[in-house]
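In: predicted model and sequence follow; I will ask about them next.
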Amino acid sequence: MDFFINNAYAQAAPAGADPGYSSLIMLVAVFVIFYFLLIRPQQKRQKEHKELVSKLAKGDEVATAGGLLGKVTDVRESFVKVEIANDVVVTVQKHTVSTVMPKGTIKSA
């Protein structure tokens with residue numbers, strides 16, 4: 001039965017190739033790619049949103065993450081009061097404000 005099975009012998013590594021350095025270089029390359037394609041743009045968006053939220057002022061027209069469109073009537077430390085219709089004011093957390101709209105957006109909507 002031995003004549004059906006061929007013996008497998010390990011081959012020697014090619015001269016000059018060190019698998020430790022090549023895998024380390026690939027790991028660093030993947031990290032650099034992830035940093036520039038995923039991490040850095042996300043940090044930039046977070047910084048822009050934090051700046052937007054810190055500059056909210058009474059009279060700004062905003063859109064929230066939930067889709068509400070309204071005018072800011074009061075700004076507090078963590079919350080913002082937004083008038084979404086005549087005499088209808090809702091209180092939302094500051095971080096849910098996603099966009100400050102151009103003036104006059106509510107009248108055209």
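Out: Arrived safely, thanks for sending.
In: what residues are up against residue 83?
Out: 70-73, 89 (Cβ atoms under 8 Å, 6 or more residues apart in numbering). No exception for glycine: its C-beta is placed from N, CA and C like everyone else's.
In: burial count for residue 77?
Out: 5 (other Cβ atoms under 10 Å).
In: that one: which element?
Out: For residue 77, there is no host helix or strand (DSSP states H and E).
In: what's the distance between it and residue 90?
Out: Counting by Cβ to Cβ, to the nearest Å, the separation of residue 77 from residue 90 is 17 Å.
In: next: residue 10.
Out: Distance, residue 10 to residue 90, by Cβ to Cβ: 71 Å.
In: quick one: which of the contacts of residue 83 has the most company?
Out: residue 70 (22 neighbours).
In: need the three-state assignment for that one.
Out: strand (DSSP: H, G, I helix; E, B strand; the rest coil).
In: wait, it sits on residue 90?
Out: Yes. The criterion here is Cβ atoms under 8 Å, and residue 70 meets it with residue 90 at 7.5 Å.
In: find residues that contact each of these two.
Out: 82, 84.
In: which of the helices or strands spans the residue nearest the centre of the chain?
Out: Centroid check for the chain by Cα atoms, centre = their mean gives residue 42 as the closest residue, at 3.8 Å. Using DSSP H and E, residue 42 maps to helix 40-54.
In: packing partners for that helix?
Out: strand 97-101 (3 or more Cβ pairs under 8 Å, 6 or more residues apart in numbering; DSSP states H and E).
In: just to revisit the earlier point, neighbour count for residue 10 and residue 90, which is higher?
Out: Shown here are residue 10 and residue 90; by other Cβ under 10 Å, residue 90 has more neighbours (15 against 5).
In: contact partners for the more buried one?
Out: With Cβ under 8 Å, 6+ apart, residue 90 has these contacts: 68, 70, 81-82, 84.
In: same thing with residue 92?
Out: 64, 66, 68, 79-80, 82.
In: restrict these to the buried ones and give me that as a PyMOL selection.
Out: Per 16 or more other Cβ atoms under 10 Å, the buried members of these correspond to this PyMOL selection:
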select buried, resi 64+80+82
